[in-house]
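Trainee: turn this into a model:
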Amino acid sequence: MRRVASLIALVAALGFGSVAVDVVASQPAVAVTNPTAYAHLQYAVWFEQVRGDFAQLFVTEVQDLITDIQHVITEHEKKDVATFRNDCTKIEGTVQNLRAAAPIPNAQLERYWKQALSDMANVATSCITGINNHDNAKIESTASDISNATALIKKITKSS
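Mentor: Numbers count the residues shown, from 1 in each chain. I've put the predicted structure just below:
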């Protein structure tokens, strides 16, 4: 119920309409008078649903993988293979979780989101394949997919 109260406060702050709450379903019903603000609200609700996995993937796991790759590229260090593979597998699992989430309620942003997740799935696959085949070039190739996914995420967050 606290989330519903927060949503009502956000609706009021944005000034785009009135809110009625279906107490049984705890679902807000919004009378839209400002579609732009309403679109921002829809995005905020979507982001609230995926926030944990989103932060895990694009902050923690990507940083762990970048650190691993830097060890391979700059130091030609034989990093603990189990840890490295685990970092790649974490990304693969988080991408699967995010793919199962509801779509972004904006067609263009959803296309960016799907492509970013596809790029991150490629990162995981290339990383695991590179480790299994002892192929540093395959591991290093993940950098462009990480860069592409990051650029798309920036587009999504700037548009919201």
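Trainee: could you list the residues in contact with stretch 116-134?
Mentor: Under the criterion C-beta atoms under 8 Å, 6 or more residues apart in numbering, residues 57, 62, 65, 81, 84-85, 87-89, 91-92, 95, 98-99, 135-139, 141-142, 145-146, 148-149, 152-153, 156 lie in contact with stretch 116-134. Any C-beta I mention is one placed from the backbone N, CA and C, and that applies to glycine too.
Trainee: select only the buried ones of the residues you listed in ChimeraX?
Mentor: In ChimeraX, this line selects whichever of the contacts of stretch 116-134 come out buried by 16 or more other C-beta atoms under 10 Å:
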select :57,62,65,84,85,87,88,91,92,95,98,138,139,141,142,145,146,148,149,152,153,156
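Trainee: quick one, strands of this structure?
Mentor: Using DSSP state E, the strands of the chain run over 17-22, 27-32.
Trainee: among the ones you listed, where is the model least confident on average?
Mentor: Of all the strands of the chain, the minimum mean pLDDT falls on strand 17-22 (a mean of 49).
Trainee: list the contacts for Ala107?
Mentor: By C-beta under 8 Å, 6+ apart, Ala107 lies in contact with nothing.
Trainee: tell me the pLDDT of it.
Mentor: At Ala107, pLDDT is 89.
Trainee: how near is it to Ala39?
Mentor: Using C-beta to C-beta, to the nearest Å, Ala107 is found at 11 Å from Ala39.
Trainee: hey, which helix or strand in this structure has the poorest pLDDT?
Mentor: Least confident element among the helices and strands of the chain, by mean pLDDT, DSSP states H and E: strand 17-22 (a mean of 49).
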